[in-house]
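**Student:** have a look; sequence and predicted model below, questions after that.
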Amino acid sequence: MKLQFSHSWNLTSAEAIALQRKLRPHLILEDRLKPVQRVAGVDVGFEAGGAVTRAAVAVLRYPELDVVETALAQRPTAFPYVPGLLSFRELPAVLEALEQLRESPDLLLCDGQGIAHPRQLGIASHLGLLVDIPSIGVAKTRLYGTHDEPPNVRGAWTPLWAGGEIIGAVLRTRPNVKPLYISLGHRISLDTAIRYVMACCTRYRLPETTRHAHRLASRR
DNA sequence: GCGACAG
DNA sequence: ATCTTGTCGC
C-alpha cells in the first residue's frame, strides 16, 4: 500500500508537541468507513535495551478473522519514549511495515491510545491521519482520563472522561480480564469502534493475534 | 511543588 | 516496554 502524507521525524519534543497540535484539527471523529473486509492489528514495541523499534501488522479478513497477510519492520530507535509522544518513536517502523502490504486494510486497530491523550493525538489517531484509514486506539493501560471500573461482563464498558467529555471507553472484552482502553483514532465513531473491537475479540484476541504475527515475522 | 505517565 | 513474587481459577 502507499502512504498518504508524511512529515519529518527528526524533531525535538517541543516540535513534536507543536505538530500534534497542528494535526489534531484534521481528525474526523465520525463514521467514514468503506465496507470493512480487511482489519489490521498494529503492534508496536521495542527490543530489550531499547535500541531497536519494531512494528508488526497482521491483516485479518473481516468478519472471518483469518490472517491473510503479516508484515514486520525494525528500525534503530531514533526518538526516546516520552509519555504523550509515543508515535514519534514507533510510527516510522509502523509505516515501513504497512508499506509492505499488498493491499490496504479498511480499518486499523492500533496498540496504544487514539484521542484519549493529553493533546488528543495518540499513536492511533496520528497513524490514521497519515495513512488516511479509519483507526481505533486499543491500549492495555490508561494514559489520560478518568473512569469507573466496568462490570465484569463481556461487552460491558464505562466512559473514559476528560474535561467533561467522553474521550473513549474502558471495555471488558472478557470477564475476569483487565479491560482495554478504546479511543477513537480517525474516521470512526465510538459506538462503531466498540462494535469492531468486540467483533475482533470474539474468536481471537487481537493483541494475541498481532503478537503471533510478530513472532512469525521475526523468524525470517 | 508533587504525582502521573500509551509502549 | 521489562523484571519478579505470590495468588487464584480452571
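**Tutor:** Received the coordinates, thanks.

**Student:** could you use CA atoms for every contact and neighbour count after this?
**Tutor:** OK.

**Student:** so how far is DNA strand C from residue A:18?
**Tutor:** 25 Å (C-alpha to the nearest atom of the strand, to the nearest Å).

**Student:** look at that residue and say how many residues are nearby.
**Tutor:** 12 (other C-alpha atoms under 10 Å).

**Student:** now the helix or strand hosting it: mean pLDDT?
**Tutor:** Secondary-structure assignment from DSSP states H and E places residue A:18 in helix A:13-23. Mean per-residue pLDDT for helix A:13-23: 97.

**Student:** could you do stretch A:103-114 as well?
**Tutor:** For stretch A:103-114, mean pLDDT rounds to 95.

**Student:** first-to-last residue distance for it?
**Tutor:** Counting by C-alpha to C-alpha, to the nearest Å, you get 24 Å between the two ends of stretch A:103-114.

**Student:** for it, list every residue counted as buried.
**Tutor:** For stretch A:103-114, burial by neighbour count (16 or more other C-alpha atoms under 10 Å) applies to A:104-114.

**Student:** picking up where we left off before, can you pull the alpha-carbon coordinates of the helix holding residue A:18 into PDB?
**Tutor:** The C-alpha trace of helix A:13-23 is given here as PDB (Å, rounded to 0.1, in the frame of the first residue of the first chain):
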ATOM      1  CA  SER A  13      10.000  17.100  21.900                       C
ATOM      2  CA  ALA A  14       8.800  20.700  21.600                       C
ATOM      3  CA  GLU A  15       8.400  20.400  17.800                       C
ATOM      4  CA  ALA A  16       6.600  17.100  18.100                       C
ATOM      5  CA  ILE A  17       4.100  18.600  20.500                       C
ATOM      6  CA  ALA A  18       3.600  21.600  18.100                       C
ATOM      7  CA  LEU A  19       3.000  19.100  15.300                       C
ATOM      8  CA  GLN A  20       0.400  17.200  17.400                       C
ATOM      9  CA  ARG A  21      -1.500  20.500  17.900                       C
ATOM     10  CA  LYS A  22      -1.300  21.200  14.200                       C
ATOM     11  CA  LEU A  23      -2.600  17.700  13.200                       C
END
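
**Student:** and the two most separated of the buried residues of stretch A:103-114?
**Tutor:** A:104 and A:113 (21.6 Å; C-alpha to C-alpha).

**Student:** phi, psi for the residue sitting nearest the centre point of chain A please.
**Tutor:** Among the residues of chain A, the one closest to the centroid is residue A:110, at 1.7 Å (C-alpha atoms, centre = their mean). The phi and psi values for residue A:110, taken as degrees, to the nearest 10, are phi -110, psi 130.
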